[in-house]
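# give the three-dimensional model of this entry:
(2 chains)
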Amino acid sequence: MAPKVLMVAEKPSIALAIASALSGGRMSTRRGSTEVHEFDGMFLGFPVHYKVTSVIGHVFSVDFPARFQDWNSTNPLDLFDAPIVKSESTPKAHICRHLSQEARGCGHLVLWLDCDREGENICFEVIECTGFQSTPGKKVHRARFSAVTEKDILKAMNSLVEPNKNEAQAVDARQEIDLKVGVAFTRFQTSYFNGKYGNLDSRVISYGPCQTPTLGFCVRRHLQINTFKPEKFWTLHPYIMYKGYELKLDWQRHRLFDSDVTQMFRNFVKEDGFLKVIGISEKQVSKGRPTGLNTVNLLKVASSALGFGPQLAMQLAERLYTQGFISYPRTESTAYPASFDYKGTLGALARNPVWGDYVQQLLSDGYHKPRSGTDAGDHPPITPMSSATENILGHDAWKLYQYICQHFLGTLSPDCKYTRIKIEFESGGESFYCVGQHVLVKGFTSIMPWLAVTEINIPQFTEGQKIDISRIEVDEGSTQPPDYLSESELISLMEENGIGTDASIPVHINNICERNYVQVQAGRRLVPTALGISLIRGYQLIDPDLCLPDIRSFIEHQIALVAKGQADHSLVVEHVIEQFKRKFIYFVKQIENMDALFEAEFSPLSDSGRVLSKCGKCLRYMKHIPTQPSRLYCGTCEEIYYTPPKGTIKVSHISPELYKELTCPLDNFELLIFSMPGPEGKSFPFCPYCYNNPPFEGIDNLFGASKSSGSVKLGKGAGMPCFLCPHPTCQHSMISQGVCACPECDGTLVLDPVSAPRWRLYCNMCNCLVSLPEGAHRISTTRDHCPECDSTIIEVDFNKKTTPLKDGATLHIGCILCDELLYSLVEMKHGKSFSRKARHRGRGRGRGRRGYSGRGRGGKKQHDPRMSFRDF
DNA sequence: GCAAGGTC
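Below is the predicted model:
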């Protein structure tokens, strides 16, 4: 039997490409943890049986042993000297087992991992899994390829080398440093601040040598904006009327920061009264077509032009890739490989309904060879692979795909060429100019129209010519602060400073968003939060190194020494860890400097509000902030809901019988019970959302609103409790809880749900109070109405010992006005009359309560037919 | 509950 050769790639797609290239497509494929492609061929001059499979990225990742995992019993400082362990990154995938099985019986191992440091590190992970190193007679080879093309694969196969231990160890070093530094600082900060403040809005206050400088960029811009001092400036613009054009000329000085001097120049010009043409220059300008598209540039365009965050953009790109519409989307290269099949790719797009015509033209007129770009030796630039339409891809994926196609076609199109004419004028010793532009060749801008050069028409002038000035304008302006950092700018900064990689940049940006250090606002601009600002300013006070991008370059520089074999792995790790350990000790010692900033922004655990009730939008818990103005804050939705002032607020399940439905049927918000202070203070349920946004129009009697002005204002603390809500079926609404009309005003007497054992009714508009039979277990309203007076029938569950009912019965149902027993037990507390004389079907609930109309949250026109005490 | 780096 022929000897066996195992070949391992970094991902399944590369394994497939290698096997296809080496077998000429004649291979068999079977499934496993990852696919295995098999075929026969020649290796080092001998016939062999090949098996090509892959890992899925790193096989292992580093962590601390179990005894260091407990946050409470581990001092973060000890983490610097703790051992680290490698364990399988995705245990469920059983990659290690897979490799070990496939390696059995193989005499050669060929490593086809990506040709970068990480790939070199994975080489040794694979070697470890296969057990090749420790088995004598087994040989390990490294294939070094610069592109996944047949030519490069064959070339690599003929020049196999050995894996580079130094490069692999550099990655080991980075892993250990990142782990120890990141986890130690994160645990310390989190425990310190989360143990002290209640409203930090992040479960974990993380630190990392990539994420923290990333945040640092956003905060630096914020501070620039905040400290910006605008300055006034003035510009001078003479106008001329010439050959039917009115031209506004620009000033050679552009602008001056002195009004008087500007005026002085204006007067000089005005005295002259005309402009003299002193120069005409015309030149041809070329605007170059783009180079091939790499990941970072795709992410920038996706964010700035398409509005997709990096995370989403990569998800979409990944999908387009696996569906065969685009090439591999993670690449640093902007240069196409020499072997790139432009014709084939163009051919694939030739019948696309959107740009098919353009492609055909490129094919017939001859496309241009792309500009050179840079070759990072990883993958070719991102290009389309097959034609698609919006219907196939869906809106978002289509947008991204469309851009990739346009960019690709742009790289093969001519440069854009235009002429630029500049006319220079002189007047009163000052120089002015105007510029005209005329496009000669649209080139790539016809497929990327947003980059088009605008046509600017100006009339012809002759040198020495004098033209009268029609008017002179002095424009006043002021310097503007920069805008918040756009995501696209942030990506550029990260790339320039070596923060993260094409694959991890989206993750870092996502991290600082998820931890609530920044928020993505309109135009995908990153605005830091109080938390983000406090952190960075804190580092700036204690040890600015911690949040500067140099921290990453420092680590990179140190491990580069290992990669180049100029320094020993463990010595470098030891040295770097020792430095960070010192920084950590100092940071802990100085934490009060950062804490002072937190103290100014956040509230101590004790009074910063406690988690209270669920938000109906995100279903997470909101916090109640009892300090004035009393309010609820949903950290997820970042919404504030004011609550009734001056009282206590509890979740509604304190009265389980009544509040089986704990949420508002209109918006899912958890209901709360508000109790006014004092023995006679009324209590009522309210929905935080409805209270602030009354769902039915025409509610003109809000709780807590000042009634002086006539019109009712929704303001801090004023709102609509359930007892004003006309919802037809919710058991907490006025319709359900209302018993009868108020004898004193236009209001309705509603049942106080938590008044046991001294049950009572109160008016939802005035302070009329009616006490109900005392000592009842439970009093609740029913859906029935009294046939006599239309009041709501109530159900009373008397106490066994004190029940007034015969034979010790406890349950009694009736109308408080018409039922003899109940009527004898109710008593007017505040208010003039409580009489049942002369009752008749009344006016419902009085004036001003008609005309409720739903606003799409259910409920149509409501009319409460109940009787009033008032009319007796 | 924690980092950053692969890849899906």
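# got the residues of the stretch 151-300 of chain A near DNA strand B?
Listed as neighbours of DNA strand B in the stretch 151-300 of chain A under the rule Cβ under 7 Å from any atom of the strand: A:174-175, A:178-179, A:182-183, A:186-187, A:190-191, A:194, A:203-204, A:206-212. C-beta here means a position set from N, CA and C on the backbone, and glycine is covered the same way.
# return the subset of the residues you listed lying in helices.
Members of these lying in helices (criterion: DSSP state H): A:174-175, A:178-179, A:182-183, A:186-187, A:190-191, A:194, A:211-212.
# where is pLDDT lowest across those?
Lowest in pLDDT among those is A:Asn194, which has 89.
# what about it, neighbour count?
For A:Asn194, the neighbour count with other Cβ atoms under 10 Å is 15.
# OK, contacts around it?
A:Asn194 is in contact with A:200, A:203-205, counting by Cβ atoms under 8 Å, 6 or more residues apart in numbering.
# count of residues packed around A:Pro482?
Residue neighbour count, defined by other Cβ under 10 Å, stands at 10 for A:Pro482.
# nearest spatial neighbour of it, chain-adjacent residues omitted?
Using Cβ to Cβ, 6 or more residues apart in numbering and skipping the chain neighbours, the partner closest in space to A:Pro482 is A:Gln224 (6.0 Å).
# ok, then the element right after the helix or strand harbouring the one you found?
Per DSSP states H and E: A:Gln224 is located in helix A:211-226. Next in sequence after helix A:211-226, counting helices and strands by DSSP H and E, comes strand A:232-242.
# report the buried residues of that next one.
Within strand A:232-242, the residues that count as buried by 16 or more other Cβ atoms under 10 Å are A:233-238, A:240, A:242.
# hmm, who's touching the helix holding A:Gln224?
When contacts are defined by Cβ under 8 Å, 6+ apart, helix A:211-226 is touched by residues A:481-485, A:490, A:493-494, A:497, A:499-500, A:508-509, A:511-512, A:517-518, A:526-528, A:532-533, A:535-537, A:539, A:546-549, A:551-552.
# distance of the residue of the stretch 551-700 of chain A found nearest DNA strand B relative to A:Leu546?
Nearest to DNA strand B in the stretch 551-700 of chain A, going by Cβ to the nearest atom of the strand, is A:Arg552, at a distance of 7.1 Å. As judged by Cβ to Cβ, to the nearest Å, A:Arg552 and A:Leu546 stand 11 Å apart.
# let me see the contact set for the closest residue to DNA strand B within the stretch 201-350 of chain A.
Proximity of the stretch 201-350 of chain A to DNA strand B (Cβ to the nearest atom of the strand) peaks at A:Gly208, 2.1 Å away. A:Gly208 is in contact with A:178, A:181-182, A:186, A:508, A:511, counting by Cβ under 8 Å, 6+ apart.
# could you redo the last one with a cut-off of 10 Å?
Taking Cβ atoms under 10 Å, 6 or more residues apart in numbering as the contact definition, A:Gly208 lies against A:178, A:181-183, A:185-186, A:214-215, A:508, A:511-512, A:551-552.
# per-residue pLDDT, it?
Looking at A:Gly208, its pLDDT is 98.
# do the same with A:Arg850
A:Arg850 is assigned 33 on the pLDDT scale.
# surely A:His98 meets A:Thr53?
Yes. Shown here, A:His98 and A:Thr53 form a contact pair, counting by Cβ atoms under 10 Å, at 7.3 Å.
# if I look at A:Asp357, how far off is A:Leu363?
Going from A:Asp357 to A:Leu363 by Cβ to Cβ gives 11 Å.
# who touches both of those two?
Common neighbours of A:Asp357 and A:Leu363 (criterion: Cβ under 10 Å, 6+ apart): A:Ala350.
# which of the two has more neighbours?
A:Leu363 (16 against 11).
# buried residues in stretch A:767-775?
Counting neighbours by 16+ other Cβ under 10 Å, the buried set in stretch A:767-775 is A:768-773.
# what lines up beside the strand of greatest length in chain A in the sheet?
Taking DSSP state E as the criterion, chain A has its longest strand at strand A:274-287. Using DSSP bridges, the strands paired with strand A:274-287 are strand A:416-427 (antiparallel), strand A:466-468 (antiparallel).
# what comes up buried for the shortest one?
Going back to what we said before, that points to strand A:466-468. By 16+ other Cβ under 10 Å, the buried positions in strand A:466-468 come out as A:Ile467.
# again, but for the first one
When burial is assessed from 16+ other Cβ under 10 Å, strand A:416-427 yields the following buried residues: A:416, A:418, A:421, A:423-427.
# let me have these in CSV, adding distance to A:Met448 and pLDDT as columns.
Converted to CSV, the buried residues of strand A:416-427 look like this (distance: Cβ to Cβ, whole Å; pLDDT from 0 to 100):
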residue, distance to A:Met448, pLDDT
A:Cys416, 9, 97
A:Tyr418, 15, 98
A:Ile421, 25, 97
A:Ile423, 30, 97
A:Glu424, 32, 98
A:Phe425, 35, 98
A:Glu426, 39, 97
A:Ser427, 40, 97
